[in-house]
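Undergrad: Okay, structure incoming, though there's no sequence with it:
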């Protein structure tokens, strides 16, 4: 059965409405969220307030969202979500549940251990049957990411709970 494209309310209309709402929220909260600089380096006409550029971006987002909203009614779009089978919906739902479980697991078990469990569980669910390679990748990949972010990029990631007490300088757990 072939679906007829609707020229009315569609996904683009919803996306445009979300962009407009987000732009309005940003315009309202930007002045209260950006602190004034402690030191003023220039005086006169070149003294731009720190909230100016975020406000320009939010205003552009509002204008483009309005234009997108207007144009969305003339876009021919077929709702392909209606054609999805139950397996696709189950895969997306299970992935969302796994991601929701991953956040507290990463915080309580640490980045490496939480990520290793998550990678192994998701790869097994989505069809990996070579458990040796699955375990190796599940351990090696989070360790590589942890070292890269902690040591090279100097980004803090949740450590293993025992790492709160520094036993070594290069602890990966």
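TA: Happy to help now that I have it. This structure is a prediction, so every number in the text was calculated from the model and none was measured. Numbers count the residues shown, from 1 in each chain.

Undergrad: average pLDDT across stretch 72-89?
TA: In this model, stretch 72-89 has an average pLDDT of 80.

Undergrad: For stretch 136-151, give me every contacting residue.
TA: Counting by CB atoms under 8 Å, 6 or more residues apart in numbering, stretch 136-151 makes contact with 111-113, 115-117, 119-120, 123, 155-157, 172, all of which sit outside it. Using the backbone N, CA and C atoms, a C-beta is placed for each residue, glycine as well.

Undergrad: In that stretch, which residues are buried?
TA: Buried positions in stretch 136-151, judged by neighbour count with 16 or more other CB atoms under 10 Å: 137, 138, 139, 142, 143, 146, 150.

Undergrad: Quick check: residue 87 vs residue 119, distance?
TA: Going from residue 87 to residue 119 by CB to CB, to the nearest Å gives 22 Å.

Undergrad: Break this structure into its domains for me.
TA: 11-81, 84-164 (automatic domain parsing).

Undergrad: Report how many residues lie close to residue 78.
TA: Burial of residue 78, expressed as a neighbour count using other CB atoms under 10 Å, amounts to 13.

Undergrad: State the phi and psi torsions of it.
TA: With angles defined as degrees, to the nearest 10, residue 78 sits at phi -100, psi 140.

Undergrad: how far away is it from residue 139?
TA: Taken as CB to CB, the span from residue 78 to residue 139 is 44 Å.

Undergrad: again, but for residue 79
TA: For residue 79, the distance to residue 139 - CB to CB - is 42 Å.

Undergrad: Kindly confirm my reading that residue 129 is in a helix.
TA: No - residue state for residue 129 (DSSP: H, G, I helix; E, B strand; the rest coil) corresponds to coil; a helix is not indicated.

Undergrad: can you pull out the helices in the chain?
TA: Counting by DSSP state H, the chain forms helices over residues 11-33, 52-72, 86-109, 111-125, 131-147, given from the N-terminal end onward.

Undergrad: Burial-wise, tell me which of these comes out on top.
TA: Greatest average neighbour count among these goes to helix 111-125 (a mean of 19), per mean count of other CB atoms under 10 Å.
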